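K.L.:
Here is a sequence together with a model predicted from it:
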Amino acid sequence: GEPRRKTDYWAPILKEEWALLAKEERAMAAAPYIKELQAERKMKKYSVHDMEQAAFNDARGSLASIQHELMALSERTGMQTILFAVRSTPKSYGSPHVFYTDDRLSDFIEFTTKNSVADFSARMDGYVLSGVDALIKQKLSKARFLHSAFILTSLIEEGSPRPVGRLTYINFEMNITIPYRMLIKGWPLTRFCCPSDISTRMEVQLCLTAWETGTA
């Protein structure tokens, strides 16, 4: 048979035929496609809802299958397991899910955390949804910076011809450079200041990157 024609072959032909049609004929020809586009737009409006529902159904079915396998494993081998399942976004359907093959596992959670296993799973769900890990990383970044600043202070004191009584950041040239003959070069920020006075995470990260890569 003949090879299949591509779009670039039909486009100019259809353009010529379209130009020959009257306004009413164009409206009649386009009507079925307009309805199709409207239906597609309506479908997209509810696509997110359908996706979340499908994900919930998938998770529920998968968890049921996993629980069956874990229970069978427990009966065959005596191996006891506990399973927690939580949401990753607030838009996700469902609630925290917990499953265990032996009551002693839930008792252990309650004994060590002073929370029931249901409360523990709810707290875990809230933690994952809250994005607390980002705050922890920010604090760790600040701690790393302060540690680096301490090392910087120590190096200044070791490099000075005489002991530095107190590292003063304000008027550094008058208070440190001139009397102790110490000069700071390569400071990555526009303003030299005490680490505790650096207010933004971007500036902290800039200092860390400069020190760790040796550019400062």
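P.N.:
Great, that's in hand. Numbering: from 1, shown residues only.
K.L.:
and the residue nearest to Ile176 when sequence neighbours are not counted, which of the three is it?
P.N.:
For Ile176, ignoring the flanking residues on the chain, the nearest one in space by Cβ to Cβ, 6 or more residues apart in numbering is Met182 at 5.5 Å. Where C-beta positions appear, they are placed from N, C-alpha and C, glycine not excepted. Classification of Met182 by DSSP: H, G, I helix; E, B strand; the rest coil places it in coil.
K.L.:
right, and Met182 touches Asn175 too?
P.N.:
No: using Cβ atoms under 8 Å, Met182 makes no contact with Asn175, being 10.3 Å away.
K.L.:
higher neighbour count, the two?
P.N.:
Met182 (18 against 15; other Cβ atoms under 10 Å).
K.L.:
Pop out the phi and psi values for that one.
P.N.:
In terms of degrees, to the nearest 10, the main-chain angles of Met182 are phi -120, psi 130.
K.L.:
What distance do you get for it to Ala30?
P.N.:
79 Å (Cβ to Cβ, to the nearest Å).
K.L.:
do Ala85 as well
P.N.:
In terms of Cβ to Cβ, Ala85 sits 49 Å off from Ala30.
K.L.:
Which of those two has more residues huddled nearby?
P.N.:
Neighbour tally, Ala85 and Ala30, criterion other Cβ under 10 Å: the higher count belongs to Ala85, 18 against 13.
K.L.:
Give me the nearest residue to that one, chain neighbours excluded.
P.N.:
In space, Ala85 is closest to His97, 4.1 Å off (Cβ to Cβ, 6+ apart).
K.L.:
how near is that neighbour to Met124?
P.N.:
Using Cβ to Cβ, His97 is found at 11 Å from Met124.
K.L.:
Pull the residues that contact the strand or helix carrying Thr112.
P.N.:
Per DSSP states H and E: Thr112 is located in helix 103-113. Contacts to helix 103-113, defined as Cβ atoms under 8 Å, 6 or more residues apart in numbering, come from residues Gln80, Thr81, Ile82, Val98, Tyr100, Asn115, Ser116, Val117, Phe120.
K.L.:
I'm done for today, thanks for sticking with me.
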